[in-house]
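Student: Sequence first, then the predicted structure:
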Amino acid sequence: MRLVALCAALPSMMFTETALGCDLPICDVAAELKTMESKSQSYRFQLVSKLRQEFSREKAEAKLNNLLEFARAALELVQKVNDEDYVLRETKALRDQSVFLLVQWVWRDCKRLSSGYSELAGESQRFAALDFFLRRVEALQDRQAIKELVCFARNAEAASMNLKDADYVSRQALQLGSALSTQLLEVVDGWEGVFTLTSIDGPLSEDLEHLRLVLFSTGGDLGVVASLSHPTLRPTVFQKLSFNESPQWLGSRQSFGSAVPSVLQLKFDESFSGVEGTMLDPLEFKKIHIKARRLIKVDVLGNKPCTEEELLGNYRMSLADLEGQFTIERIGPRQLAAVFASDEGVLRLPFSFGRYNEHSGRLTFINMQMNVPLGWRLLAERNSSGKCEIRGWGLSTFTGGHYPILMKRK
């Protein structure tokens, strides 16, 4: 009878043990450390090595946090008992692997990312962490997540310099920060477009109806372009402006048409319908105050983005009164080129720089007119019949001109 009762109770006993167990690599860290201390260094090495191999591709936050807690404590233990170098190296490797995986798959706030980055043992690991994020920048669509990574990239650059990493590591952090700043501008809706000036200090104040402020992102190395344009004057053009959460634009230098440094500082209202700020006169080095209101807005995100492969080929479109063909070709990894050719041969407009983001549908083409950029800021989306259509705006920094664009497949 006792045997029967025991057998009947076994399933429930086994269930209770399973329910009371845990799904972590080390269920009781303190107990395991005591066991490790009582064993040989060979045992300690084999345990750490087994954990490192078994969880080398782990992504679950709870398991990685548990591994990191254990690895940090185990590292203190092997140092205390004076194990040989091979045990110390393997334990450090488990700690670094846990931190690296947390940086990759779990941590997304600036504080933990920055702390984990500094804890990584070598510059090659730190470079790999930066490269991981750099290769994924264009997939980021959440504004807050990008801002956290911008903060991390800035801290990583400083940390690598303090840790005396080789220059290539801090350069990678700088490149990551630049790419993230550009991506942030890709997901902030409402700032791009054309504004007409309502007031300006200086001699052009009598000619406000002809003054235009043009703002757009090039989606690449040229960064953000701002232009103060007038039909009869060479434009004042700034590039590589950065976005702060105020929000405001900061331009470090006047990049086209002058070797004289200049600065542009703009602050938008909440809806991006108006803007005011100052620009530094590069000749007299005095600040000029400007105010402007929006004329046209450029859309940011598409609903059903085309793939890059779908994007390639020929489209029909009109430019002003000219009908013609627009052709898009891939010229390298993530590099596009295009040309508009009117049917009568009156106009041929080439675009040597093209960039497409499959995640947002944002398509950018840049043509340089007398060393001043003409930007086509577009969205590529599938229409109701599933074909790729392209729409958006052409923005001229040279004249302040703007015109709608609609392309359809031939």
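Tutor: In hand now; what should we look at?
Student: So which residues of the stretch 101-250 of the chain form strands?
Tutor: Applying DSSP state E, counting those that start in this stretch to the stretch 101-250 of the chain gives strands spanning 193-200, 212-217, 224-230, 233-244, 248-251.
Student: Ok, which of those comes nearest residue 47?
Tutor: Shortest separation from residue 47 across these is recorded for strand 233-244, at 48.5 Å, computed as Cβ to Cβ. Using the backbone N, CA and C atoms, a C-beta is placed for each residue, glycine as well.
Student: Mean confidence (pLDDT) on that closest one, please.
Tutor: For strand 233-244, the mean pLDDT works out to 70.
Student: helices or strands next to the helix or strand containing residue 366 in the packing?
Tutor: Residue 366 belongs to strand 362-369 when assigned by DSSP states H and E. Strand 362-369 sits against strand 348-357, strand 372-382, strand 388-396, with contacts defined as 3 or more Cβ pairs under 8 Å, 6 or more residues apart in numbering; DSSP states H and E.
Student: now the protein, which segments are flagged as low pLDDT?
Tutor: Scanning the chain for pLDDT under 70 picks out 1-21, 203, 220-222, 239-262, 281-285, 370-371.
Student: out of the strands of the stretch 101-250 of the chain, which comes closest to residue 108?
Tutor: So among the strands of the stretch 101-250 of the chain, strand 233-244 is nearest, using Cβ to Cβ, at 19.6 Å.
Student: would you put the C-alpha positions of stretch 107-117 in PDB?
Tutor: Coordinates of each C-alpha in stretch 107-117 appear next as PDB, following Å, rounded to 0.1, in the frame of the first residue of the first chain:
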ATOM      1  CA  TRP A 107      19.800  47.400 -23.300                       C
ATOM      2  CA  ARG A 108      18.500  50.400 -25.200                       C
ATOM      3  CA  ASP A 109      18.900  53.200 -22.700                       C
ATOM      4  CA  CYS A 110      22.000  55.400 -22.800                       C
ATOM      5  CA  LYS A 111      23.000  54.800 -19.200                       C
ATOM      6  CA  ARG A 112      23.200  50.900 -19.300                       C
ATOM      7  CA  LEU A 113      24.600  50.900 -22.800                       C
ATOM      8  CA  SER A 114      27.400  53.300 -21.800                       C
ATOM      9  CA  SER A 115      28.200  51.400 -18.600                       C
ATOM     10  CA  GLY A 116      28.300  48.100 -20.500                       C
ATOM     11  CA  TYR A 117      30.500  49.500 -23.200                       C
END
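Student: contact partners of it?
Tutor: The set of residues external to stretch 107-117 that reach it, using Cβ atoms under 8 Å, 6 or more residues apart in numbering, is 99-100, 102-103, 126, 129, 145, 148-149, 151-152, 155-156, 159.
Student: Contact partners for the nearest residue to residue 374 once chain neighbours are set aside?
Tutor: Leaving aside its chain neighbours, residue 374 sits nearest to residue 367 (4.4 Å; criterion: Cβ to Cβ, 6 or more residues apart in numbering). Taking Cβ under 8 Å, 6+ apart, we find residue 367 in contact with 349-352, 373-374, 376.
Student: can you map out the helices along the stretch 1-150 of the chain?
Tutor: Under the criterion DSSP state H, counting those that start in this stretch, the stretch 1-150 of the chain carries helices at the ranges 2-20, 29-38, 41-54, 61-80, 85-105, 110-119, 123-134, 143-162.
Student: quick one: contacts of the fourth one?
Tutor: Defining contact as Cβ under 8 Å, 6+ apart, one finds that helix 61-80 is touched by 23-26, 29, 32-33, 36-37, 41, 44, 48, 51, 55, 58, 87-88, 91-92, 94-95, 97-99, 101-102, 105-106.
Student: Could you identify the buried members of these?
Tutor: 24-26, 29, 32-33, 36, 41, 44, 48, 51, 55, 58, 87-88, 91-92, 94-95, 97-99, 101-102, 106 (16 or more other Cβ atoms under 10 Å).
Student: about what we covered before: which of the contacts of stretch 107-117 sits closest to residue 390?
Tutor: residue 145 (28.0 Å).
Student: Return the backbone torsion pair for the residue nearest to the closest one when sequence neighbours are not counted.
Tutor: Leaving out its chain neighbours, the residue that sits closest to residue 145 by Cβ to Cβ, 6+ apart is residue 108, at 5.8 Å. When read as degrees, to the nearest 10, the backbone of residue 108 gives phi -130, psi 0.
Student: List the contacts of residue 405.
Tutor: Taking Cβ under 8 Å, 6+ apart as the test, what residue 405 contacts is 317, 319, 376, 378, 390-394.
Student: Going through these, which ones are buried?
Tutor: 317, 376, 378, 390-394.
Student: Of these, which pair is most distant in space?
Tutor: Using Cβ to Cβ, the buried ones among the contacts of residue 405 reach their maximum pairwise distance at 317 and 393, which is 13.0 Å.
Student: re earlier: tell me, how many residues neighbour the residue nearest to residue 145?
Tutor: By other Cβ atoms under 10 Å, 14 other residues sit near residue 108.
Student: So it versus residue 187, what's the distance?
Tutor: For residue 108, the distance to residue 187 equals 15 Å [Cβ to Cβ, to the nearest Å].
Student: Show me what the closest residue to residue 351 other than its chain neighbours is bridged to.
Tutor: Closest residue to residue 351 in three dimensions, ignoring its sequence neighbours and counting by Cβ to Cβ, 6+ apart: residue 365, at 3.9 Å. Per DSSP bridges, the residues bridged to residue 365 are residue 354, residue 376.
Student: so residue 365 touches residue 380, yeah?
Tutor: No: with contact defined as Cβ atoms under 8 Å, residue 365 does not count as touching residue 380 (11.3 Å).
Student: between those two, who's got more neighbours?
Tutor: Neighbours per residue (other Cβ under 10 Å) separate residue 365 from residue 380, with residue 365 holding more: 29 against 26.
Student: which one among the contacts of stretch 107-117 gets closest to residue 296?
Tutor: Out of the contacts of stretch 107-117, the member with the shortest distance to residue 296 (by Cβ to Cβ) is residue 145, at 29.1 Å.
Student: list the contacts for the nearest residue to residue 297 once chain neighbours are set aside?
Tutor: In this structure, residue 297 finds its nearest non-sequential neighbour in residue 193, 4.7 Å apart by Cβ to Cβ, 6+ apart. Contacts for residue 193 (Cβ under 8 Å, 6+ apart) come out as 214-216, 294-298, 393, 395, 402.
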